[in-house]
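S.K.: Generate coordinates for the sequence data below:
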Amino acid sequence: MTTRPVYQFKISLNCIKPTIWRRIQISDLATFWDLHVAIQDSMGWFDCHLHSFSIKKPNSNESIRIGIPDPEFDDTLPTEAGWDIKVRDYFTKSNPKCLYEYDFGDSWEHIIEFEGQKEKVSGMKYPICLDGKNACPPEDVGGYCGYEDFVKIMSDENHEEYDNMFEWFGEKYDPKKFDSSEVKFSNARRRLNKMLSYYGA
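M.R.: The predicted model follows:
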């Protein structure tokens, strides 16, 4: 009996140094919705904003946008439903990268890089997080500029805005903190059903 492979991805958040990144593995049967949930959980986002993937179509220079369709807001490039499209149909050795944007207000752009098919470990429950570096920015911090200000303020208890920022965030913040063993993956199907129910689909 042939064992199905898993797909390995590296997720890197754009425009922040040192780079905030994660390395994950997911089932080869995973959809883009499953990948979205795995990205959210491994990065440390709370999935409270919209998202989209932008990736080239196989054997084409045309791009497709994948996420949560919304006819009222989709422009000239419609958004295809992520739960209907498998990652294996788009990520290949010749098409290994895509852009993942989360929170269209703060506009967090991630580079998703397909690192190849790996052997599935018997008895292992996927997805898994193998490695990573640095803490995820807080939700609603104000994008890249807001995050830069946040880190500056939270690293200086004598800063005039420290108390207000600490009260907003609720605890101390270590931008270097990340432990892959602490990553917990939620049930992507359950989250999808909850989202569809919320939007009345």
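S.K.: Give me the residues contacting stretch 43-54.
M.R.: 11, 13, 20, 22, 32, 35-37, 39-40, 63-68, 79, 82, 98-106, 108, 110, 112, 135-136, 139, 191 (C-beta atoms under 8 Å, 6 or more residues apart in numbering). Just so you know, the C-beta spots here come from the backbone N, C-alpha and C atoms, and that holds for glycine as well.
S.K.: nope, stretch 141-159 is what I was after
M.R.: Here stretch 141-159 has contacts from 15-16, 105-108, 137-138, 161-162, 165-166, 169, 172-173, 175, using C-beta under 8 Å, 6+ apart.
S.K.: any idea which of those residues is closest to residue 122?
M.R.: residue 108 (35.6 Å; C-beta to C-beta).
S.K.: I figured the closest one was touching residue 101, is that so?
M.R.: Yes. Counting by C-beta atoms under 8 Å, residue 108 touches residue 101, with 6.8 Å between them.
S.K.: more crowded one of these two?
M.R.: residue 108 (26 against 19; other C-beta atoms under 10 Å).
S.K.: how about residue 139, what does it touch?
M.R.: 45-46, 48-49, 103.
S.K.: Just the closest of those residues to residue 91, please.
M.R.: residue 45 (20.9 Å).
S.K.: Pick out the most distant pair among the contacts of residue 139.
M.R.: So, the contacts of residue 139 by C-beta to C-beta: farthest apart are 46 and 103, at 10.1 Å.
S.K.: which of these two has more neighbours?
M.R.: Neighbours were counted for residue 46 and for residue 103 using other C-beta under 10 Å; residue 103 has more, 18 against 12.
S.K.: got the contact list for the more buried one?
M.R.: Residues in contact with residue 103 (C-beta under 8 Å, 6+ apart) are 49-51, 139-140.
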